[in-house]
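Participant: have a look; sequence and predicted model below, questions after that.
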Amino acid sequence: MFRTTFYRLTFAIVIVGIMMSMVVMTMIILKTISTSKAQPHRPSHWPTPLEESSVSSTMSAESTTEATMMLPTEQSTAMPLNTTMAMVHRGLDETESPGKGNHTCAPGKCRDCAEIYEGGSTTSGVYLVTLQNNTPVEVYCDMDTNGGGWTVIQRRIDGTVPFNRNWEEYKRGFGNKDGEHWLGNDNIHLLTNQKDYRLQLFTNNMALTCSRGFFKVSDERNDYRPDHGKGKPNSNCDRLIKDTFGQAFSTVDRDNDNVQTISCAKLYGGGWWYGYCGPTTFLNQQWDCARNPKCCPCPITVKPMSLKLKP
């Protein structure tokens with residue numbers, strides 16, 4: 001009887017122990033699951049702070065390199081037209097390196113040939129400039145005469161380009177900038193109102209610089225009248241253009257000269273600031289006795305010539 005009771009008690013204790021062990025194991029499993037859900041998923045190889053720093057530095061270096069490639073690597077300088085696209089310039093000596101001087105303006109952003117010359121480009125030829133109102137214009141730059149930096153607004157060489165044009169053509173400009181051309185009255189107006197420019201005439205193989213204070217041209221509403229500044233016309237250049245002072249521009253289809261009975265533009269075949277009809281008042285055409293029989297021989301015969309401006 002005693003043994004039977006002892007065995008039963010022992011069996012009960014064992015059963016209770018097993019059940020308590022199962023309860024404890026269940027609680028441990030539940031706690032483990034709960035803790036796993038609370039923590040974020042971590043990959044098998046989580047980058048260490050050192051690795052993260054390395055990746056960040058690499059990305060920063062790549063970004064900096066890409067930005068550097070997008071930026072200019074050297075200072076810009078004005079260059080002859082098409083040089084930046086084809087590295088070719090009409091008349092550019094292969095041994096010359098334009099742009100050796102003080103870099104005053106970016107290519108195409110200079111306002112005149114003087115700024116281009118100051119930037120180190122010293123070869124005569126066609127360049128791109130930007131006038132007032134951000135107007136891009138091709139101009140011929142004389143980099144050889146009287147210190148260089150002259151912006152050409154008119155050029156006659158051999159008569160291959162007819163200057164007997166109407167108002168609209170003189171307004172826009174015509175011809176070949178490498179040869180005979182008229183820059184255009186709108187462009188001349190924008191150019192001359194940027195700064196105070198000196199006017200130079202090149203005629204009969206002589207460069208004549210006017211002594212008046214400046215040369216400015218008004219807009220179309222005022223018929224492109226020139227203003228030469230104050231002072232007496234005491235140079236050959238001044239005497240050649242003295243009749244243009246304040247004179248409205250005339251063409252074959254718009255007569256603004258001071259002669260009532262005739263159109264000077266039609267008589268001489270070209271646009272100009274005519275005060276009256278005479279051999280010394282028109283510098284856009286070659287003179288001959290057929291055009292002006294009363295003036296033979298004429299005192300001044302205009303052959304190849306050009307009008308140039310420089311501050």
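Facilitator: Noted; the coordinates are in hand.

Participant: only C-alpha atoms for contact and neighbour calcs from this point on.
Facilitator: Fine.

Participant: low-confidence stretches in the stretch 201-311 of the chain?
Facilitator: Residue ranges of the stretch 201-311 of the chain with pLDDT under 70: 204, 209-213, 229-240, 279-303.

Participant: where do the helices of it begin and end?
Facilitator: 236-241, 264-268 (DSSP state H, counting those that start in this stretch).

Participant: name the residues of the shortest one that are buried.
Facilitator: Going back to what we said before, that points to helix 264-268. Buried positions in helix 264-268, judged by neighbour count with 16 or more other CA atoms under 10 Å: 264-266, 268.

Participant: mind putting these in CSV, distance to residue 252 included?
Facilitator: Compiled in CSV, the buried residues of helix 264-268 are given as follows (distance: CA to CA, whole Å):
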residue, distance to residue 252
264, 8
265, 5
266, 5
268, 9
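
Participant: nearest to residue 169 among these?
Facilitator: residue 265 (13.8 Å; CA to CA).

Participant: quick one: contacts for the closest one?
Facilitator: Applying CA atoms under 8 Å, 6 or more residues apart in numbering, we find residue 265 in contact with 164, 250-252, 255, 271-272, 274.

Participant: now it: how far from residue 247?
Facilitator: According to CA to CA, to the nearest Å, residue 265 and residue 247 sit 13 Å apart.

Participant: so what sits against both of these two?
Facilitator: Common contact partners of residue 265 and residue 247 (CA under 8 Å, 6+ apart): residue 274.

Participant: got the contact list for stretch 21-31?
Facilitator: Counting by CA under 8 Å, 6+ apart, no residue sits against stretch 21-31.

Participant: mind listing what's buried along it?
Facilitator: Buried, per 16+ other CA under 10 Å, within stretch 21-31: nothing.

Participant: repeat that for stretch 117-137.
Facilitator: By 16+ other CA under 10 Å, the buried positions in stretch 117-137 come out as 117-131, 136-137.

Participant: tell me the strands in the stretch 51-200 of the chain, going along the chain?
Facilitator: Secondary structure of the stretch 51-200 of the chain (DSSP state E, counting those that start in this stretch): strands located at 125-131, 135-142, 150-156, 174-175, 181-182, 198-203.

Participant: would CSV of those strands with distance to residue 9 be doable?
Facilitator: Formatted as CSV, these follow (distance: least, CA to CA, whole Å):
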stretch, distance to residue 9
strand 125-131, 111
strand 135-142, 111
strand 150-156, 123
strand 174-175, 125
strand 181-182, 127
strand 198-203, 128
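
Participant: what's the local residue count around residue 147?
Facilitator: Counted by other CA atoms under 10 Å, the residues lying close to residue 147 total 11.

Participant: burial measure for the residue nearest to residue 217 when sequence neighbours are not counted, as a count.
Facilitator: Once flanking residues are discounted, residue 217 sits nearest to residue 226: 4.2 Å by CA to CA, 6 or more residues apart in numbering. Using other CA under 10 Å, residue 226 has 22 other residues around it.

Participant: was I right to think residue 226 contacts residue 214?
Facilitator: No - using CA atoms under 8 Å, residue 226 is not in contact with residue 214, being 9.9 Å away.

Participant: on that earlier part again, how close does the residue nearest to residue 217 sit to residue 220?
Facilitator: From residue 226 over to residue 220 the distance is 11 Å, taken as CA to CA.

Participant: how about residue 129?
Facilitator: Going from residue 129 to residue 220 by CA to CA gives 21 Å.

Participant: how about the contacts made by the closest residue to residue 311 other than its chain neighbours?
Facilitator: Spatially, and ignoring its direct neighbours in sequence, residue 311 is nearest to residue 197 (4.2 Å; CA to CA, 6+ apart). The contact partners of residue 197, taken as CA under 8 Å, 6+ apart, are 214-216, 309-311.

Participant: run the last query once more with 6 Å
Facilitator: When contacts are counted by CA atoms under 6 Å, 6 or more residues apart in numbering, residue 197 touches 214-215, 309-311.

Participant: how about those residues in JSON lines, adding neighbour count and distance to residue 24?
Facilitator: Output for the contacts of residue 197, formatted as JSON lines (neighbours: other CA atoms under 10 Å; distance: CA to CA, whole Å):
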{"residue": "214", "neighbour count": "20", "distance to residue 24": "106"}
{"residue": "215", "neighbour count": "22", "distance to residue 24": "106"}
{"residue": "309", "neighbour count": "26", "distance to residue 24": "103"}
{"residue": "310", "neighbour count": "21", "distance to residue 24": "101"}
{"residue": "311", "neighbour count": "18", "distance to residue 24": "100"}
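
Participant: JSON lines for these, including distance to residue 203?
Facilitator: Formatted as JSON lines, these follow (distance: CA to CA, whole Å):
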{"residue": "214", "distance to residue 203": "20"}
{"residue": "215", "distance to residue 203": "18"}
{"residue": "309", "distance to residue 203": "15"}
{"residue": "310", "distance to residue 203": "17"}
{"residue": "311", "distance to residue 203": "20"}
